[in-house]
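# Build me a model:
(3 chains)
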Amino acid sequence: MTQLFVERFPDQARLVRLAFFNSFAAFGIGALFGLIQALHRTDVLRIVESPTYYTVLTAHGVFLVITFTIFFLVGLYQWAVTTSLERRPVDMRITKAWYWLMSIGTVIAGITILAGFLDDPPEVLGSQLSADVLFTFYAPLQGNPLFYVGLVLFVVGTWLAGVDWFRTWWAWKGDNPGARIPLPTFMVLTTMIMWYISSIGVAVAILAFILPWSLGLIDSLNPTLTRTLFWYFGHPVVYFWLLPAYLLWYIVLPKLSGGRLFSDPLARVVFILFILLSTPVGIHHQYLDPGIAEGFKYIVMTNTMFLLLPSLLTAFTVVASMEHGARQRGGEGYFGWLDALPWRNPAFTGMALAGLVFAFGGFTGIVNAGMNINYLVHNSAWVPGHIHTQVGTAVALTFMAGSYWLIPQLTGNRLVWRQAALVQVLLWFIGIVFMTNSMYRAGLVGVPRRTAEPQYAFEYDVGVGSMTELDFQLALGGFLLFISAMLFLAIIFMTWRNSESEPIVDGTIPPALSGPEDSPRVLDNLRLWIAIALVLVAIAYVIPLASIVTRGGLFGPDIGPFPVFTDPMILLEYGSKLIGMVVI
Amino acid sequence: MRIHVYERLWLVASMILIVAFIATVTYGTVGLGITMVDDREETLSPGDIDEDERFEDPRIEQVGENEFEAYVVAMTFLFQPDPIEVPANSEVTFYVTSRDVIHSFTVVGTNTNTMVIPGEVSVMTVEFDEPGEYGIICNEYCGVGHHDMEAELIVVEEDEFDLTELSVDAPDTVEPDAEIELTATVSNGLIDDLEATVTVEIGDETFQEDVTVGGDESEDVSITVDADDLGEGDHDWTVTVDDYEETGTVSVASDTDENDDGSENGEDTTDENDASSTVEDRLS
Amino acid sequence: MRISFAKLLLLIAFFIVILVEARTVFAFFGIDVSLIGIAVTGVLVISALVLWAIRPGNDEPTEP
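The predicted structure is shown next:
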């Protein structure tokens, strides 16, 4: 057993712990908001006013899919680069800079969102301090400028983190000329390339249009353009959440199963496919948008379907690695080997279940990607069903399970309550099945997403069972997930404080069965893949963007802001306008 | 590059699966001739909606045999018109635009679903085979009252569907020695002729007249009653055409009271009882 | 214990997953099952599973 990570790189372990701390704090808040939503939507318990629901919803989205996932990512990647290259960052000041930029960005955006709970939020930068615009912040809904400033700082922080990791790699390359990039570092670098290419979209949307517009510097913007730029980033960002989970599945899961990674070359191919294909697909979130020609949507649909390939390859490699591990542990037979897997290890069981849910969620994603059936499910509860199986389980459960393996190495403490940890991951699995099953089914009968009260004058035509039953399932699922989340935080907290112990964890990663020497060196030629990715992005986006700008103008056909306030006076104003319209 | 034989098989199977998915989606869109929401309409600034001949008066229009167009405006937090009535066995093309933020126009439980983006006009053509009632909702978060944004879509039997409008022009007050002239205007938005009976009841008197209103035309029916026959006091009148009804009251009174100094011309216009009935007021 | 605690939990979890949508699947084949019916079946099967699991196996010595 080699030395623990915390003993080899104490300062790096501290940084990873800090990143994880931010991540888990956001997770706790986000989970609480999730519970509030699950109970509110289904009308089981409404502890906030329905307009405030959207503050809760915005916070749930931003804290979970931005703060929780991405802080975990930077922590995990810092660990991966450090341990696989066996070296510290070139300049630790940059490392600290990105950590603090991201933290400050989160705090600014977080405060702006949470100020929405106040009865009378203060005026900041010319408008009320609130941002009930959800995590997609579609203009012309307008939040306080600070919300966008916070997001920008956060994203700039992640860019800097990428620079940091690239510099570590360059330094390592100087010392190891001609060596293949170690797989974990390869995954980090390819993820960051994808992130650089894709986050340009949201940066342009915010810096060129939405931020100046929220500050009152420009009067109008083109909502189709900012929306398209958002989704240019909005789909790849899901891979930004997912790829750290892939890293854990490829690097840690085979080892936990008792074996080795099946194929290193295929893992590289998978990550390269993500560089190439994850960006030129964003328009598939806009199948139902006017202002974008059908042909562009069709091109994007085919690209999206090809994105299945890396995930299908992953399914093969991961399952093959698990089977290899199980057979090393004495497993036999076509399916009998499943019995030999280390199910009592929460880190293993959590990741395995996450992978299973991911496979199921992948097929629901194909439904979304099918541009014809998308009409049935677009913006219905089906979509958060899909998100919660993918990000909410494939990613989140893998992160939690991974934490059970990583935290002892980062703290030097033994994991407490191993059986409770096992119960925790199973509880998450059961909770997500209840909740997302209800969401999928409700979505198919037309129940919308993102609404405080999906109860209308008409009745939904639920095929089997009743709406009440589906609501109950959703509420129960949400409750179980909340309990599971709290249990996770408690276990992590207690482990963190369990300093009087010696961890029983082996941090060594065995080499793959089929190593990098089996793959052509061209896979490591990152410049080539960047160039191809840019060409694909240009093919998918130049003409649609040009068309949107020609049609509606860079700053849109005179479209003013629409600040989202929960202020009663303003509500009253809209109310009277509304009544006026009805009378006319 | 060395790839395990099982992995190779899996790779091939995956590619076949992907191509099959693309093929089914292609067939389901191009093959079946289903047109997606796209960029066929010019952009339209929200500020120009009230000047746009399609959207200034959100409504249903007949444009051909069994073909209709619906012009719908979405705004925080309602749809116009509401309810939307269309006949069964028809093909309706919806034109939807937004006055403020991004909404959606979603007929619940169907694939009639589109985003509605300010500055853009969404177009989709829907076939309605059977009568029924549907909820229309906005499924894109549009502000604090998002969850209240809903409307109704009613598909009525083909032979019960009309685009008839009735408006009545009648005085409020007349002198006892004058005549009450009541004019009912029946307009027909359909292409086919409308055969209808206009029934006017005033006081104890009932008048009936059969009219034939041509496609996209309107007809006036006027009746004249001597105020003397009704006597002094308030008299209710009712005009009925098919299911549409307009009511009002006319007062027969000598002009001696406080109205003395009122200008005759002014009264002529301000006292006009100008009721109009559209689909919204329909009785049923 | 015939199977480990971990595997018992896992089996229960998977059984619950099947239970959640069992009615829909049955209804697809024209068999209507009431909600209570499914719940009772679930409780019975899970109890049976637990009882089976905690009873000592034939080929293993009874744990102290």
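# Now for A:Thr411: which residues touch it?
A:Thr411 is in contact with A:Val6, A:Ala13, A:Arg17, A:Thr495, A:Trp496, A:Asn498, A:Ser499, A:Pro503, counting by C-beta atoms under 8 Å, 6 or more residues apart in numbering or on different chains. Where you see a C-beta, it was placed from the backbone N, CA and C, and this is true even at glycine.
# now A:Val367
Counting by C-beta under 8 Å, 6+ apart, A:Val367 makes contact with A:Ile373, A:Asn374, A:Val377, A:Trp382.
# check those residues against chain B, which are close?
With C-beta under 8 Å from any C-beta of the partner chain as the criterion, the members of the contacts of A:Val367 in contact with chain B are A:Ile373.
# among the contacts of A:Val367, who's most crowded?
Per-residue neighbour counts (other C-beta atoms under 10 Å in any protein chain shown) across those peak at A:Trp382, which has 26 neighbours.
# how near is that one to B:Leu230?
Taking C-beta to C-beta, to the nearest Å as the measure, A:Trp382 falls 64 Å from B:Leu230.
# rewinding a little: so can I have CSV of the contacts of A:Thr411 showing secondary structure, distance to A:Ala457 and pLDDT?
What follows is the contacts of A:Thr411, written out as CSV (DSSP: H, G, I helix; E, B strand; the rest coil; distance: C-beta to C-beta, whole Å; pLDDT from 0 to 100):
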residue, secondary structure, distance to A:Ala457, pLDDT
A:Val6, helix, 60, 90
A:Ala13, helix, 58, 95
A:Arg17, helix, 52, 96
A:Thr495, helix, 51, 94
A:Trp496, helix, 51, 92
A:Asn498, coil, 56, 88
A:Ser499, coil, 59, 84
A:Pro503, coil, 59, 76
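# Closest approach to chain C from chain B, which residue is it?
B:Gly109 (16.9 Å; C-beta to the nearest C-beta).
# what's near enough to touch that residue?
When contacts are counted by C-beta under 8 Å, 6+ apart, B:Gly109 touches A:Val445, A:Gly446, A:Tyr460, A:Asp461, B:Tyr134.
# nearest to C:Ile18, of the residues you listed?
For the contacts of B:Gly109, the residue nearest C:Ile18 by C-beta to C-beta is A:Val445; the value is 22.2 Å.
# That closest one: what's it in contact with?
Counting by C-beta under 8 Å, 6+ apart, A:Val445 touches A:Tyr460, A:Asp461, A:Val462, A:Gly463, B:Val108, B:Gly109.
# check contacts around the nearest residue to it once chain neighbours are set aside.
Once its chain neighbours are removed from consideration, A:Val445 has its nearest residue in A:Tyr460; the separation is 4.6 Å (C-beta to C-beta, 6 or more residues apart in numbering or on different chains). The contact partners of A:Tyr460, by C-beta under 8 Å, 6+ apart, come to A:Ala442, A:Val445, A:Gly446, A:Val447, A:Met467, B:Val108, B:Gly109.
# Mind pulling the model confidence for A:Tyr460?
pLDDT for A:Tyr460: 92.
# tell me which element it is part of?
For A:Tyr460, there is no helix or strand it lies in under DSSP states H and E.
# Sketch out the low-pLDDT regions of chain C for me.
In the predicted model, chain C carries pLDDT under 70 at residues C:57-64.
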